[in-house]
Structures are given as structure tokens and as C-alpha cells.
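Q: I would like the atomic coordinates for the input below:
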Amino acid sequence: MAPKSEHSPPAPDPPSPPFRDLTVGALLARLAETLPEQEALVYADRGLRLTFAALEAEARLIARGLMACGVARRERVAVWAPNVPEWVVLQFALAKVGAVLVTVNTALRAPEVDYLLRQSEAETLVTVRGFKDVDYLAALAEVGALSGSRLARVVFIGEDCPAGLTPYAGLRARAAAVSDAELAAREREVALDDVINMQYTSGTTGFPKGVMLSSRNIVNNGYWLGEGMGYTPRDRLCLCVPLFHCFGCVIGVLGAYTHGACLCPVESFDARRVLEVVERERCTALYGVPTMFLAELEDPEFGRFDLSSLRTGVMAGAPCPEPLMRRVIAEMHLTELTIVYGLTEASPGITQTRRDDPLERRTGTVGRVLPEMEVRIVDPSTGAALEPGAPGELWVRGSNVMHGYFRNADATHLAVDEEGWLRTGDRATIDGDGYVRITGRIKDLIIRGGENVAPTEIEDLLRRHAAVADAYVYAVRSEFFGEEVAAAVRLKEGAAATGEELRDFCRGQLARFKVPRHVRFVESFPMTASGKVQKYKLREAHEQELGMEHG
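A: Purely as a prediction, here's the structure:
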């Protein structure tokens, strides 16, 4: 090769973010190349502040340690831990070695985690001692997962690593056995469409299913959602939703990193902690489900925090009541908050409102379909496409659709048709401008004496009552009608109302068959670890109060 002339033009600067069409592992490498000194990951209470260059170096070191331990390409590695720094590092380290990150819900109990480890055929588990009221090590011992015959290795995050487990810190020492060249060779084997992430659905229609997602699925989904929020390297995201959920590891981590934005995670949701992080780190973005935003607004010391740096973010997981959206915009400075609708099988985002959409769009709809996807409304019983404005089941097709359910071809066939359309199971309409309105789950419909009742409509109305802080509607059994409409209601602090008052309020605005027959007042709602209200638990508790036996 001829020597470079002293007059040769300088090498062009590498492209700057945003990035897309990259593997998860390559994304971090590109950020380290283009924004090496940009702050990437902040856990201030731990004294941890990593730049993209430092995060890339740490991910490569852990990747080499994993290879030295024998973690193979396409091996499924389960991570059972809250939002600790190691989780984010592992998301990229595992991607670099071509392993599949299997995310594990932090709230699982022994039988549930046993099922997940067996069904996913995981060979490696990375975990902590426990979280909240669950002793992870005791749960794993109970199901025989620490015996050595179930898993090839268990990596422990934390101090005082139990005998027989591999300390996470030890991965750094083992990394010396694998060269950078060997890791680079492994990275080159990883393709954009390789399955890189596996998340288990809630299992409301049977045992949980492992959703297989690729880099193309999740990196590009994060990219489009980040575009919708107008992210740049100047943005800082307070990430308080769980990393084991798509909301955390895709909309959160990848939505931010495709645009070079900084992550300021909260290890587990606590309203006061969120407010402290936003103020201290001058965060510009915040995520959550409606109940999280409500908890932040209702914190007794909310008024002392300076949230003026906030600009945008995502509210998802449940419909946003208009009164809540008004408060979030006015009191939290989230003038560009977006609403995102999706599901794990869609990587997860399908639709998003615009940052400048009027309030009625951001509370009455879930926005328009994201680029590179198409949606349609169909008759759920026939699959026939319906006219614009007609209610039916929402289907989506595009590069965001999962590769299928792991080791479950029958369930995959039921979820995705031969033409690549994913059946969401959600009832929806699409208006003339392309805005989607979700009216409930197909299976959540209350069928009272032959009349179909959508809970969302009643919930929205109840939340407009002056005394109501929040409400959820579901069916309880009825010998006469088959099902009756019931509601669990949480009143505002200091407010009072009776069930009959709320029924009178509904009677003036709803058809008689939609008015809740039963109203139960609660102090809080049972939730999943990702912040979604568990209606089946509300129904069970209500039926128990009504004297209905559960067999």
C-alpha cells in the first residue's frame, strides 16, 4: 500500500447519532467512537458516572469474561435483577458475544422462575440476593436451580458471593483469558436478524411465552420512538420503569442510546427517588405508566422539587386520563410528553402521539403508527379488514414483529398469520387522520346479558368525578346476566363518595347496562412489577367480598 501523502484529505469524521440498523453490541461501539466523552450512564448515589467510552470498555471486559466462562453464541442467559448498573452492562455484553438476553420479572416466585428457566432452556443465570420481599437464592434453591445440574453457571451480583456461584466481579479477572481479537471475531458472527433478546409475556391466556426479538426489532424500534421524542445527545432520561420489560430495555435504553442521550436509572420505582434524580441530574425526559406519574404528583414534598428541566417522555401501559395529562404538563413541565402503545411481541412500540399533538389527541388516542409499520382493523372472528372508523381488532405488520415464541410454534401461528400480520388482541378504531384509539382488550370485554361493555369508557368517566383519584372496571359473575359491571375506585385524599353517588354520576352519561352494578373502594391497586394494574386480582377480591366462591 502506498504511503499516505501529506496532502491527503483528512479521514472523514464517523457519523454522529442517531443510529439504526445496528446490532445491540455494535450500537454501543459506535457511540464510544463518536461520543467517547459524553456521559452515558449515571447512578449518582453509587458514585457511578460512565461515559460511552467507559461503558463500552466495561461491556467488552464483561463480554470477554462471559466468553472465558464458556458462554456460547445463541446461548440463553437469564438476568434476574432490578435496575442495577450491571443490568445495562450485560444488555450490551451479552449482545457482543451473541448470547440471548432472557429478561426475568423481578417479582417472580419460585415456581414461576423455575418454569421460565426450564422453558427458555437457559444455561446461565445472572442474579442478585433478592429484591423486596423475594429471596432469590432461596427461591432458586427451592426449585433445585443451584444444584449444578440445572444450569451451567450462576453469576452473582453483590457482596459475599455464596459458595458455588460465580461472582460478577470475577468476570473481569477471567476476561484476561480471552483476547480483544477473539471477542471481535465473535462480534462479527452476530447478525442484525439474530435473536438477541427474549422476554416472557404475562401469561394471561396460559403459561408465559418467550417472545424472541432481534437487534433489528429492538434497535430500530427504539430509534423511531426516540425520534418521536426529538432526542439528541443533550437529553438525559430518568429511567424508572423496570429494565426486564420492553419499556425499560427498549424504549428506555435503546430509545436513548440510538440518539446518544444519557441514562439516569432508578433502581426500583419510588416516587420521591424519581423526583430527586430528575432535579439533581437535570433530566429532560421521564417515563412511566399513569399510576407512576400520579404517585409522583401526589408525593407530599412534590412542590419542593425543581422539574423545570423536563421536556418529553413516554406514558404507556394504560390509557392516560385527561385530568392526569393536564397536571403532568402543567406541574411537571412535560409539555412534549408522548403516548406510546405497543406490546412485547411488537418490540414493543406500534403507535406514538406527536410531541405537539393537542391534549385531546394525547388522551383520547395512542397516536399514529410508527414508520416502517402498517396497521389495520379487522373483524376478530373472520380476519376481514374493516372500514375506517369501525371498531375491531388491531393488527400490525413490519420489521418490529417478533420472530415468534420460543419452542411454541402453535402459539406463534395463532399470533402471526402467513402474511406477517401480528394479532394484538386489542379492540381499536382508526380515524381519518390515522390516529388509533384503543378501546380495550378483546378478552377484557364485559358481556352483560348479551351487551358488550368496554371497561375503558367507564373508567374514563369515573375518573372525571371530582372525588375520584383513579378507577378500574372489570366483570364479576352474575347468575342472571352472566357478567355484571364492577369497579374498584380509589378516592382522592380527603374526598368522600358512596357507590350510589358514583352510579348516579354514571347514569346521566352512560347507557344503563354500562353503569357499575358493584363499586368497591380501595386504598391501592394490585400491580405487576412493571406498574400495570392486575384486574384479575381486583375481580377475585371483589367476588370474594360478594360471597362468590372460587373453585
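
Q: Contact partners for the residue positioned nearest the centre of the chain?
A: The residue lying closest to the centre of the chain (Cα atoms, centre = their mean) is Phe247, at 2.2 Å. By Cβ atoms under 8 Å, 6 or more residues apart in numbering, the contact set of Phe247 is Val241, Tyr287, Val314, Ala316, Gly317, Pro348, Ser530. Where you see a C-beta, it was placed from the backbone N, CA and C, and this is true even at glycine.

Q: how does it look with 6 Å?
A: With contact set as Cβ atoms under 6 Å, 6 or more residues apart in numbering, Phe247 has these partners: Val241.

Q: Which element is encountered next along the chain beyond the host helix or strand of Ala256?
A: Using DSSP states H and E, Ala256 falls within helix 255-257. Counting by DSSP H and E, the next helix or strand C-terminal to helix 255-257 is strand 262-265.

Q: who touches that following strand?
A: By Cβ under 6 Å, 6+ apart, the surrounding residues in contact with strand 262-265 are 39-42, 83, 236-239, 256, 277, 281, 283.

Q: buried sites along stretch 39-46?
A: Glu39, Ala40, Leu41, Val42, Tyr43 (16 or more other Cβ atoms under 10 Å).

Q: before we move on, the earlier item: now the two most distant members of the contacts of strand 262-265.
A: Farthest-apart pair in those is Glu39 and Asn83; separation 17.5 Å (Cβ to Cβ).

Q: Show the residue spans covered by the strands in the stretch 51-200 of the chain.
A: 76-80, 100-103, 124-127, 130-131, 134-135, 153-156, 166-167, 195-200 (DSSP state E, counting those that start in this stretch).

Q: Worst mean pLDDT among those?
A: Mean pLDDT values for those show the minimum at strand 134-135, a mean of 92.

Q: That one pairs with which strands, and in what direction?
A: Here strand 134-135 has these sheet partners by DSSP bridges: strand 130-131 (antiparallel).

Q: Residues touching the partner strand, excluding its own?
A: Contacts for strand 130-131 (Cβ under 6 Å, 6+ apart): Pro82, Thr106, Tyr136.

Q: what sits against Leu370?
A: Here Leu370 is in contact with Trp224, Gly349 (criterion: Cβ under 6 Å, 6+ apart).

Q: Could you measure from it over to Thr353?
A: From Leu370 over to Thr353 the distance is 11 Å, taken as Cβ to Cβ, to the nearest Å.

Q: same check, this time on Ala175
A: With distances taken as Cβ to Cβ, Ala175 is found 44 Å from Thr353.

Q: With Leu254 instead?
A: Distance check for Leu254 against Thr353: by Cβ to Cβ, it reads 20 Å.

Q: Thr166 now?
A: On the measure of Cβ to Cβ, Thr166 and Thr353 end up 45 Å apart.

Q: Which of these two has more residues huddled nearby?
A: For Thr166 versus Thr353, the count of surrounding residues by other Cβ atoms under 10 Å is larger for Thr353: 27 against 17.

Q: Quick check: the more buried one touching Val340?
A: No. If you go by Cβ atoms under 6 Å, Thr353 and Val340 don't touch, sitting 8.0 Å apart.

Q: domain parsing for the chain?
A: Domain ranges of the chain: 24-40+50-200, 445-545, per automatic domain parsing.

Q: would you list the strands of the stretch 51-200 of the chain in a markdown table and tack on distance to Phe305?
A: As requested, those are exported to a markdown table (distance: least, Cβ to Cβ, whole Å):
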| stretch | distance to Phe305 |
| --- | --- |
| strand 76-80 | 32 |
| strand 100-103 | 31 |
| strand 124-127 | 34 |
| strand 130-131 | 26 |
| strand 134-135 | 31 |
| strand 153-156 | 36 |
| strand 166-167 | 38 |
| strand 195-200 | 33 |
